[in-house]
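Peer 1: this one's sequence-less:
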């Protein structure tokens, strides 16, 4: 039995397919569904993130769009989805 399912999104066709499977499983198990889109900040360490219209805003916008689409797809299937969009660096450890 699954109580919580997490789907990682990156905007690719494979992540979209994985989301579909996650929605199906959440519905079948009556599990809570979470989708995460991590805004990768470590790949662009030389870019000034604070400039208006910079790359960070573009990445945030893409993440919001992907999560909004995921919420709509889940809602159409009758599944509630919690969207998460943290910032992070590849290989970073807490």
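Peer 2: That came in fine, so what should we check first? In this text, all values refer to a predicted model and were calculated from it rather than measured experimentally.
Peer 1: Longest helix in the chain, by number of residues?
Peer 2: Longest helix in the chain by number of residues, with DSSP state H as the criterion: helix 55-76.
Peer 1: Please identify the buried residues of it?
Peer 2: 56, 59, 63, 66, 67, 70, 71, 73, 74 (16 or more other CB atoms under 10 Å). All C-beta spots, glycine's among them, are computed from the backbone N, C-alpha and C.
Peer 1: and that helix, how far from the chain's centre?
Peer 2: 7 Å (CA atoms, centre = their mean, to the nearest Å).
Peer 1: What of stretch 24-34?
Peer 2: Using CA atoms, centre = their mean, the distance between the centre of stretch 24-34 and that of its chain works out at 16 Å.
Peer 1: Then stretch 10-17?
Peer 2: The answer for stretch 10-17 is 10 Å, by CA atoms, centre = their mean.
Peer 1: what's the answer for stretch 19-38, then?
Peer 2: Per CA atoms, centre = their mean, the centroid offset for stretch 19-38 relative to its chain is 12 Å.
Peer 1: repeat for stretch 62-79
Peer 2: For stretch 62-79, the distance to the chain centre is 9 Å (CA atoms, centre = their mean).
Peer 1: quick one: contacts of that stretch?
Peer 2: Residues from elsewhere that reach stretch 62-79 (CB atoms under 8 Å, 6 or more residues apart in numbering): 7, 9-11, 19-20, 23-24, 26-27, 33, 35, 37-39, 80-81, 83-85.
Peer 1: Can you say which of the residues you listed are buried?
Peer 2: Using 16+ other CB under 10 Å as the burial test, these include 7, 9, 19, 23, 26, 33, 35, 37-39, 81, 83, 85 as buried.
Peer 1: of all these, which comes closest to residue 1?
Peer 2: Using CB to CB, residue 26 comes nearest to residue 1 of these, at 12.1 Å.
Peer 1: residues in contact with that closest one?
Peer 2: Contact partners of residue 26, counting by CB under 8 Å, 6+ apart, are 2, 5, 32, 33, 74, 79.
Peer 1: The residues you listed: which two are farthest apart?
Peer 2: It's 2 and 74 that sit farthest apart of the contacts of residue 26, by CB to CB, at 15.1 Å.
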